[in-house]
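[1] Predicted model and sequence follow; I will ask about them next.
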Amino acid sequence: MKTLLGLLLATALANPAVTVDVTTIGGPAGTGELTSANATTWTIKVDGSDVSIPTSEILDVALRHDAAPPATASAVQLRLTDGSRLGAQQVGIADRKATLALTPQRSIEVPADSVLSIRFGASPSAVDEQWNTLHSRERRQDMLVVQKGEALDFVEGTIGNVTDAVIVLLLDGEQIEVPREKAFGAIYYRKADSVSEPTGFVELIGGDRLAVRAINLKDDAATVELTAGAEVRLPLDSISRFDLSTGKLTWLSSLDPRDVKHEFRFIDPAPTLANDRDIWGEPLKIGKQSFARGVAIRSKTELRYRLNGDFSRLQTWVGIQQGYRGDVRLQLSLDGEKVFDQIVEPNSDVVPIDLDVSDRFNLDVLVDYGSLQSDIGDHLILGNARLLR
């Protein structure tokens, strides 16, 4: 992480007016202009005063933008073994190298064995869940995936070269050229030792998430070195945040609940829960306090998260999403033992929660009605909910 933070020092010097929201292990550290940073301390200017933050405590640096750049549709979506997810206009694999055309003018090369999957099929679509399920399927060979109506099917073998026209598949000793247009995607078998460990992530406004081992920022652009081995130059206005939490914690919003139950009492099209945004897609905010991460939950909802004894503490800041008048009752249980039970009302102060979850395996979250027996406006926010290791 020192390399990443050291290179980010250049950002502070070259772009003194960059406004950032900094989140630390102890909670939101503040919003201000980034004025200096080094291996031990970051300094931001808040209301004219300098606030120093130990770099070892920083989890997240979110960049503020007045307007997002226009979205560019990606013809191909890729996942890499290091956790990167990115879009490209074209992809080709040959001679153990994958060439990714990010734009008509810019291409990068990464080792072919760093590519975990390639999706040619449109997204979002009705088969997204099936595609994710195939990703989690245990496999000993590569999988060439095809779409039949609203279902995905696959053939197992060894995938070779990939061009705009064909995908080479070695099947039972026979080499077959499959027309690219007939393939929905390819999912590769990778040994565990082929996975690279990132030192941080760069998240882009368009949704891409790049695992990096170094970042060099200058003027209005950032040159990032992917753990997969390539360098990519990114305009700062395309970056939403630098995630420096690797190895320090797991955001609750990055976990999929093992169980989700919701009891509908009224006709309401609102989703049951949302990650890193409110139910209707707005940024998370309780009173005057904003949160870059978190989980939004409606009332009459029960969630179970699997902890597996891997974490030491659960920390979050709780309240009702700004602009809503609902109230809820929040109950938290660890392995069946209730450890938190409180009414959360609108326009009240943020409620901090800090629980010891050492050697616990299940976290149950119950959001029930408060004093009003209605789910209208019941938008509970678990702000910056995270599990410390």
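    Perfect, I can see it now.
[2] what's Asp47 sitting at in phi/psi?
    In terms of degrees, to the nearest 10, the main-chain angles of Asp47 are phi 50, psi 40.
[3] ditto for the one 10 residues further on
    Per-residue torsions, Glu57: phi -100, psi -10 (degrees, to the nearest 10).
[4] in stretch 97-116, what counts as buried?
    98-102, 107-108, 110-112, 114-116 (16 or more other CB atoms under 10 Å). Just so you know, the C-beta spots here come from the backbone N, C-alpha and C atoms, and that holds for glycine as well.
[5] nearest to Arg389, of those?
    Using CB to CB, Leu116 is the member of those that sits closest to Arg389, with 24.2 Å.
[6] what's across from the residue nearest to the closest one when sequence neighbours are not counted in the sheet?
    Spatial nearest neighbour of Leu116, chain neighbours left out: Arg79 (4.5 Å); criterion: CB to CB, 6 or more residues apart in numbering. Beta-bridge pairing of Arg79 under DSSP bridges involves Arg85, Ser117.
[7] residues touching Arg79, list them.
    With contacts defined as CB atoms under 8 Å, 6 or more residues apart in numbering, Arg79 is in contact with 85, 115-117, 135.
[8] Could you list the low-pLDDT ranges of this structure?
    1-17, 27, 35-40, 67-73, 193-196, 217-220, 265-269 (pLDDT under 70).
[9] give me that answer again for 50
    Segments of the chain classed as low confidence (criterion: pLDDT under 50) are 1-16.
[10] Grab the most central residue of it for me.
    Centroid-nearest residue in the chain: Ser254, 6.2 Å away (criterion: CA atoms, centre = their mean).
[11] all strands for the stretch 251-389 of the chain, in order.
    Here the stretch 251-389 of the chain has its strands, by DSSP state E, counting those that start in this stretch, at 259-262, 273-275, 284-286, 289-291, 294-298, 301-306, 313-320, 328-334, 337-344, 351-356, 362-369, 379-388.
[12] any chance of these in JSON lines, with distance to Val20 and mean neighbour count too?
    Formatted as JSON lines, those follow (distance: least, CB to CB, whole Å; neighbours: other CB atoms under 10 Å):
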{"stretch": "strand 259-262", "distance to Val20": "34", "mean neighbour count": "13"}
{"stretch": "strand 273-275", "distance to Val20": "22", "mean neighbour count": "19"}
{"stretch": "strand 284-286", "distance to Val20": "17", "mean neighbour count": "23"}
{"stretch": "strand 289-291", "distance to Val20": "12", "mean neighbour count": "20"}
{"stretch": "strand 294-298", "distance to Val20": "18", "mean neighbour count": "26"}
{"stretch": "strand 301-306", "distance to Val20": "29", "mean neighbour count": "18"}
{"stretch": "strand 313-320", "distance to Val20": "19", "mean neighbour count": "22"}
{"stretch": "strand 328-334", "distance to Val20": "30", "mean neighbour count": "20"}
{"stretch": "strand 337-344", "distance to Val20": "29", "mean neighbour count": "14"}
{"stretch": "strand 351-356", "distance to Val20": "23", "mean neighbour count": "14"}
{"stretch": "strand 362-369", "distance to Val20": "30", "mean neighbour count": "20"}
{"stretch": "strand 379-388", "distance to Val20": "15", "mean neighbour count": "25"}
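[13] Give me the buried stretch members for stretch 156-171, please.
    157, 159-160, 162, 166-169.
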